[in-house]
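# Compute the structure for the input listed below.
(one chain, ligands or ions: 1)
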Amino acid sequence: MSMNLAIVGYGKMGRMIEQLAPEYGFDVKLKLDVDNNAHQKGLTPENFRDIDVAVEFSVPDAVVGNLLRLAELGVNAVVGTTGWTHELSRVRGAVEKHGTGLVWAPNFSIGMNVFMRLVSEAARLLAAQPEYGAWGWEIHHDAKVDAPSGTMLKLVELMKRAGYDRRVDVASNRAGKMPGTHEIGFDSAADTITLRHQARSRLGFASGALTAARWVVGKKGFYEFSEILFG
Ligand SMILES: NC(=O)c1ccc[n+]([C@@H]2O[C@H](COP(=O)([O-])OP(=O)(O)OC[C@H]3O[C@@H](n4cnc5c(N)ncnc54)[C@H](OP(=O)(O)O)[C@@H]3O)[C@@H](O)[C@H]2O)c1
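Below is the predicted model:
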(Lines give C-alpha, C1' and ligand atoms only; values in the text may rest on other atoms or scores of the structure.)
Protein backbone atom coordinates (compact mmCIF):
# COMPACT_ATOMS: atom_id res chain seq x y z
CA MET A 1 0.00 0.00 0.00
CA SER A 2 1.41 3.41 -0.88
CA MET A 3 2.09 6.09 1.73
CA ASN A 4 1.32 9.77 1.43
CA LEU A 5 4.23 12.19 1.29
CA ALA A 6 4.35 15.96 1.75
CA ILE A 7 7.26 17.88 0.23
CA VAL A 8 8.11 21.01 2.22
CA GLY A 9 10.53 23.09 0.15
CA TYR A 10 10.01 22.51 -3.57
CA GLY A 11 13.40 23.54 -4.92
CA LYS A 12 16.17 21.43 -6.45
CA MET A 13 15.96 18.74 -3.77
CA GLY A 14 12.16 18.83 -3.47
CA ARG A 15 11.86 18.19 -7.22
CA MET A 16 14.35 15.31 -7.14
CA ILE A 17 12.44 13.75 -4.23
CA GLU A 18 9.17 14.07 -6.15
CA GLN A 19 10.71 12.19 -9.10
CA LEU A 20 12.00 9.30 -6.97
CA ALA A 21 9.10 9.08 -4.49
CA PRO A 22 7.07 6.38 -6.37
CA GLU A 23 10.08 4.01 -6.32
CA TYR A 24 9.99 4.22 -2.52
CA GLY A 25 6.25 3.57 -2.27
CA PHE A 26 5.15 7.19 -1.81
CA ASP A 27 2.39 9.27 -3.41
CA VAL A 28 3.26 12.97 -3.30
CA LYS A 29 0.05 14.53 -1.95
CA LEU A 30 1.26 18.00 -1.03
CA LYS A 31 4.00 20.37 -2.18
CA LEU A 32 4.77 23.49 -0.18
CA ASP A 33 7.11 26.25 -1.23
CA VAL A 34 7.63 29.88 -0.31
CA ASP A 35 4.46 30.97 -2.22
CA ASN A 36 2.06 28.72 -0.30
CA ASN A 37 4.03 28.36 2.94
CA ALA A 38 5.39 31.79 3.93
CA HIS A 39 5.24 31.97 7.76
CA GLN A 40 4.08 28.30 7.81
CA LYS A 41 0.67 29.21 6.35
CA GLY A 42 0.53 25.91 4.43
CA LEU A 43 1.16 23.78 7.53
CA THR A 44 -2.50 23.29 8.49
CA PRO A 45 -4.39 20.29 9.92
CA GLU A 46 -6.50 20.14 6.72
CA ASN A 47 -3.46 19.97 4.43
CA PHE A 48 -1.83 17.27 6.56
CA ARG A 49 -4.87 15.13 7.38
CA ASP A 50 -3.74 12.13 5.27
CA ILE A 51 0.01 12.71 5.23
CA ASP A 52 2.22 9.89 6.58
CA VAL A 53 5.49 11.84 6.51
CA ALA A 54 6.91 15.19 5.37
CA VAL A 55 10.31 15.68 3.74
CA GLU A 56 11.75 19.13 4.49
CA PHE A 57 14.40 20.61 2.15
CA SER A 58 13.80 24.36 2.34
CA VAL A 59 15.96 27.28 3.49
CA PRO A 60 17.77 27.97 6.79
CA ASP A 61 15.38 30.85 7.60
CA ALA A 62 12.24 28.71 7.31
CA VAL A 63 13.30 25.28 8.51
CA VAL A 64 12.95 25.67 12.29
CA GLY A 65 9.47 27.24 12.02
CA ASN A 66 8.43 24.46 9.67
CA LEU A 67 9.72 21.71 11.98
CA LEU A 68 8.10 23.15 15.13
CA ARG A 69 4.78 23.41 13.31
CA LEU A 70 5.02 19.88 11.83
CA ALA A 71 5.61 18.49 15.34
CA GLU A 72 2.58 20.43 16.62
CA LEU A 73 0.50 18.90 13.82
CA GLY A 74 1.69 15.42 14.84
CA VAL A 75 3.47 14.89 11.50
CA ASN A 76 6.68 12.84 11.23
CA ALA A 77 9.46 14.48 9.26
CA VAL A 78 12.76 13.95 7.45
CA VAL A 79 14.93 17.07 7.40
CA GLY A 80 17.70 17.76 4.93
CA THR A 81 17.90 21.55 5.21
CA THR A 82 21.23 22.72 6.60
CA GLY A 83 22.21 25.72 8.72
CA TRP A 84 19.96 25.18 11.77
CA THR A 85 21.92 22.92 14.14
CA HIS A 86 22.14 25.73 16.75
CA GLU A 87 18.37 25.13 17.16
CA LEU A 88 18.63 21.34 17.35
CA SER A 89 17.65 21.07 21.03
CA ARG A 90 14.56 23.28 20.55
CA VAL A 91 13.34 21.11 17.68
CA ARG A 92 14.16 17.91 19.59
CA GLY A 93 12.11 19.24 22.53
CA ALA A 94 9.09 19.85 20.28
CA VAL A 95 9.36 16.39 18.68
CA GLU A 96 9.54 14.75 22.13
CA LYS A 97 6.71 16.88 23.53
CA HIS A 98 4.35 16.03 20.66
CA GLY A 99 5.42 12.37 20.37
CA THR A 100 6.35 12.55 16.67
CA GLY A 101 9.29 11.05 14.76
CA LEU A 102 12.06 12.99 13.00
CA VAL A 103 15.21 12.01 11.09
CA TRP A 104 17.75 14.69 10.23
CA ALA A 105 21.12 14.78 8.50
CA PRO A 106 23.26 17.48 6.97
CA ASN A 107 23.94 14.92 4.25
CA PHE A 108 21.69 12.00 3.31
CA SER A 109 24.13 10.31 0.95
CA ILE A 110 25.13 6.84 2.13
CA GLY A 111 28.65 7.36 0.75
CA MET A 112 29.03 10.58 2.77
CA ASN A 113 27.90 8.82 5.94
CA VAL A 114 30.61 6.20 5.36
CA PHE A 115 33.10 9.02 4.63
CA MET A 116 32.20 10.59 8.00
CA ARG A 117 33.17 7.34 9.73
CA LEU A 118 36.50 7.27 7.85
CA VAL A 119 37.26 10.90 8.77
CA SER A 120 36.46 10.20 12.44
CA GLU A 121 38.78 7.22 12.45
CA ALA A 122 41.63 9.18 10.81
CA ALA A 123 41.13 11.99 13.35
CA ARG A 124 41.16 9.50 16.22
CA LEU A 125 44.40 7.91 14.98
CA LEU A 126 46.13 11.28 14.44
CA ALA A 127 44.87 12.94 17.64
CA ALA A 128 48.07 12.01 19.48
CA GLN A 129 50.41 12.87 16.55
CA PRO A 130 50.98 16.62 16.98
CA GLU A 131 53.14 16.90 13.84
CA TYR A 132 49.97 16.51 11.73
CA GLY A 133 47.88 19.59 10.98
CA ALA A 134 44.40 19.31 9.44
CA TRP A 135 42.31 21.17 6.88
CA GLY A 136 38.80 20.97 5.49
CA TRP A 137 37.71 22.23 2.08
CA GLU A 138 34.33 22.13 0.36
CA ILE A 139 32.84 23.39 -2.90
CA HIS A 140 29.16 23.69 -3.88
CA HIS A 141 27.03 25.37 -6.57
CA ASP A 142 26.74 29.14 -6.40
CA ALA A 143 23.09 29.10 -5.17
CA LYS A 144 23.96 27.44 -1.86
CA VAL A 145 23.14 29.88 0.95
CA ASP A 146 25.22 28.67 3.91
CA ALA A 147 29.01 28.38 4.15
CA PRO A 148 30.78 26.35 5.42
CA SER A 149 28.32 23.62 4.48
CA GLY A 150 26.40 21.79 7.20
CA THR A 151 28.31 18.68 6.18
CA MET A 152 31.68 20.39 6.70
CA LEU A 153 30.60 21.62 10.14
CA LYS A 154 29.56 18.07 10.97
CA LEU A 155 32.90 16.65 9.76
CA VAL A 156 34.86 19.07 11.96
CA GLU A 157 32.59 18.27 14.93
CA LEU A 158 33.18 14.53 14.39
CA MET A 159 36.96 15.11 14.29
CA LYS A 160 36.78 16.98 17.61
CA ARG A 161 34.60 14.26 19.10
CA ALA A 162 37.18 11.70 17.97
CA GLY A 163 39.79 13.53 20.08
CA TYR A 164 41.45 15.70 17.42
CA ASP A 165 41.48 18.99 19.34
CA ARG A 166 43.95 20.96 17.20
CA ARG A 167 42.84 23.58 14.68
CA VAL A 168 41.11 22.44 11.48
CA ASP A 169 41.53 25.16 8.86
CA VAL A 170 38.31 25.29 6.82
CA ALA A 171 37.68 26.94 3.43
CA SER A 172 34.60 27.04 1.17
CA ASN A 173 34.03 27.85 -2.50
CA ARG A 174 30.74 28.54 -4.27
CA ALA A 175 30.74 28.24 -8.07
CA GLY A 176 28.81 26.81 -10.97
CA LYS A 177 26.60 23.75 -10.50
CA MET A 178 28.68 21.49 -8.23
CA PRO A 179 26.38 19.21 -6.14
CA GLY A 180 29.01 19.05 -3.34
CA THR A 181 32.63 18.01 -2.75
CA HIS A 182 34.18 17.69 0.72
CA GLU A 183 37.81 17.12 1.49
CA ILE A 184 39.56 16.52 4.80
CA GLY A 185 43.34 16.46 4.83
CA PHE A 186 46.13 15.86 7.30
CA ASP A 187 49.63 17.11 6.63
CA SER A 188 53.03 16.63 8.26
CA ALA A 189 56.64 17.22 7.20
CA ALA A 190 56.74 13.58 6.08
CA ASP A 191 53.48 13.14 4.17
CA THR A 192 49.93 14.18 3.33
CA ILE A 193 46.69 12.23 3.73
CA THR A 194 43.74 13.43 1.65
CA LEU A 195 40.23 12.05 2.12
CA ARG A 196 37.65 13.25 -0.41
CA HIS A 197 33.97 12.68 -1.05
CA GLN A 198 32.50 13.92 -4.30
CA ALA A 199 28.74 13.83 -4.91
CA ARG A 200 27.99 13.19 -8.58
CA SER A 201 24.40 14.46 -8.44
CA ARG A 202 21.56 15.08 -5.98
CA LEU A 203 20.30 11.54 -6.51
CA GLY A 204 22.18 10.12 -3.50
CA PHE A 205 20.72 12.76 -1.16
CA ALA A 206 17.17 12.16 -2.40
CA SER A 207 17.48 8.33 -2.15
CA GLY A 208 18.79 8.57 1.42
CA ALA A 209 16.04 11.00 2.44
CA LEU A 210 13.34 8.73 1.00
CA THR A 211 14.88 5.69 2.72
CA ALA A 212 14.67 7.65 5.99
CA ALA A 213 11.08 8.72 5.19
CA ARG A 214 9.99 5.11 4.71
CA TRP A 215 11.75 4.15 7.95
CA VAL A 216 10.25 6.91 10.13
CA VAL A 217 6.58 6.34 9.20
CA GLY A 218 4.80 5.36 12.42
CA LYS A 219 7.92 5.85 14.61
CA LYS A 220 8.55 8.23 17.51
CA GLY A 221 11.79 9.95 18.48
CA PHE A 222 14.58 12.18 17.22
CA TYR A 223 17.20 10.44 15.07
CA GLU A 224 20.22 11.30 13.02
CA PHE A 225 20.36 9.41 9.70
CA SER A 226 23.63 7.63 10.61
CA GLU A 227 21.87 5.96 13.58
CA ILE A 228 19.43 4.34 11.15
CA LEU A 229 22.09 3.44 8.63
CA PHE A 230 24.64 1.87 10.96
CA GLY A 231 22.43 0.92 13.92
N1 LIG B 1 20.90 16.84 3.78
C2 LIG B 1 21.25 16.66 2.50
O3 LIG B 1 21.59 15.56 2.05
C4 LIG B 1 21.19 17.85 1.57
C5 LIG B 1 21.46 17.70 0.20
C6 LIG B 1 21.28 18.80 -0.63
C7 LIG B 1 20.87 20.02 -0.10
N8 LIG B 1 20.66 20.13 1.23
C9 LIG B 1 20.13 21.35 1.85
O10 LIG B 1 18.72 21.36 1.61
C11 LIG B 1 18.26 22.70 1.48
C12 LIG B 1 17.54 22.87 0.15
O13 LIG B 1 18.44 22.64 -0.91
P14 LIG B 1 18.01 22.88 -2.43
O15 LIG B 1 19.26 22.66 -3.23
O16 LIG B 1 16.78 22.13 -2.76
O17 LIG B 1 17.70 24.46 -2.37
P18 LIG B 1 16.68 25.31 -3.25
O19 LIG B 1 16.68 24.81 -4.67
O20 LIG B 1 17.03 26.75 -3.01
O21 LIG B 1 15.26 24.98 -2.61
C22 LIG B 1 14.78 25.50 -1.40
C23 LIG B 1 13.31 25.78 -1.60
O24 LIG B 1 12.69 26.12 -0.36
C25 LIG B 1 11.74 27.14 -0.66
N26 LIG B 1 11.25 27.85 0.54
C27 LIG B 1 11.56 29.09 0.99
N28 LIG B 1 10.83 29.39 2.10
C29 LIG B 1 10.04 28.30 2.34
C30 LIG B 1 9.04 27.99 3.31
N31 LIG B 1 8.69 28.87 4.27
N32 LIG B 1 8.43 26.79 3.26
C33 LIG B 1 8.74 25.90 2.28
N34 LIG B 1 9.66 26.15 1.32
C35 LIG B 1 10.30 27.32 1.35
C36 LIG B 1 12.47 28.00 -1.65
O37 LIG B 1 11.58 28.87 -2.35
P38 LIG B 1 12.20 30.21 -3.08
O39 LIG B 1 13.45 29.81 -3.78
O40 LIG B 1 11.12 30.58 -4.00
O41 LIG B 1 12.47 31.17 -1.96
C42 LIG B 1 13.09 26.94 -2.56
O43 LIG B 1 12.20 26.52 -3.57
C44 LIG B 1 19.50 23.57 1.67
O45 LIG B 1 19.60 23.94 3.03
C46 LIG B 1 20.66 22.65 1.31
O47 LIG B 1 21.87 23.00 1.96
C48 LIG B 1 20.81 19.06 2.07
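
# who's in contact with the residue in the chain positioned nearest to the ligand?
Taking Cβ to the nearest ligand atom as the measure, the chain has residue 11 as its residue closest to the ligand, at 1.8 Å. The way it works is simple: take the backbone N, C-alpha and C, and place the C-beta from them, glycine included. Counting by Cβ atoms under 8 Å, 6 or more residues apart in numbering, residue 11 makes contact with 33, 57, 58.

# Could you list the residues in contact with the helix ranked longest in the chain?
Counting residues, the longest helix found in the chain (DSSP state H) is helix 110-126. Helix 110-126 is touched from outside by 105, 107, 132, 134, 151, 154-155, 158-164, 182, 184, 186, 193, 195, 197, 199, 204, 207-208, 225-226, 229-230, with contacts defined as Cβ under 8 Å, 6+ apart.

# any idea which helix or strand comes after that helix?
strand 133-140 (DSSP states H and E).

# Mind listing residues that contact that next one?
With contact meaning Cβ under 8 Å, 6+ apart, strand 133-140 is reached by 123, 126, 147-149, 151-152, 155-156, 159, 164, 166-175, 178-188.

# Can the longest helix of the chain be said to contact the ligand?
No. Helix 110-126 does not reach the ligand (Cβ under 6 Å from any ligand atom); its nearest approach is 7.6 Å.

# Can you show me the strands along this structure?
Along the chain, counting by DSSP state E, strands occupy 3-8, 26-32, 53-56, 77-79, 101-104, 133-140, 168-174, 181-187, 192-198, 221-224.

# I'd like the distance from the fifth one to the chain centre, please.
A distance of 10 Å separates the C-alpha centroid of strand 101-104 from that of its chain, computed with Cα atoms, centre = their mean, to the nearest Å.

# just checking, what packs against that strand?
strand 77-79, helix 88-98, helix 203-216, strand 221-224, helix 225-230 (3 or more Cβ pairs under 8 Å, 6 or more residues apart in numbering; DSSP states H and E).

# tell me which residues in the fourth one are buried?
Residues 222, 223, 224 are the ones in strand 221-224 that count as buried (16 or more other Cβ atoms under 10 Å).

# Tell me who's in contact with the first one.
It stands for residue 222. By Cβ under 8 Å, 6+ apart, the contact list for residue 222 reads 91, 92, 95, 96, 101, 102, 104.

# coming back round to it: just name the closest of the contacts of residue 11 to residue 5, please.
Using Cβ to Cβ, residue 57 comes nearest to residue 5 of the contacts of residue 11, at 12.4 Å.

# The helix or strand bottoming out on mean pLDDT in the chain and the ligand, are they touching?
Using mean pLDDT, DSSP states H and E, helix 225-230 stands out as the lowest-scoring helix or strand of the chain, at a mean of 93. No. Applying Cβ under 6 Å from any ligand atom, one finds helix 225-230 out of contact with the ligand, separated by at least 8.2 Å.

# Show me how far the longest helix of the chain is from its chain's centre.
Centroid displacement of helix 110-126 relative to its chain, using Cα atoms, centre = their mean, is 17 Å.

# Could I get the average pLDDT for it?
Helix 110-126 shows a mean pLDDT of 97.

# Now do that helix against strand 192-198, angle only.
Angle of helix 110-126 versus strand 192-198, following axes from the mean of the first three to the mean of the last three Cα atoms, to 10 degrees, is 160 degrees.

# Could I get the buried residue list for helix 110-126?
110, 112, 113, 115, 116, 119, 120, 122, 123, 126.

# by how many degrees do it and helix 203-216 diverge?
Going by the same axes, to 10 degrees, helix 110-126 makes 90 degrees with helix 203-216.

# Check whether stretch 55-75 comes into contact with the ligand.
Yes. Judged by Cβ under 6 Å from any ligand atom, stretch 55-75 and the ligand are in contact via 57, 58, 59, 62, 66.
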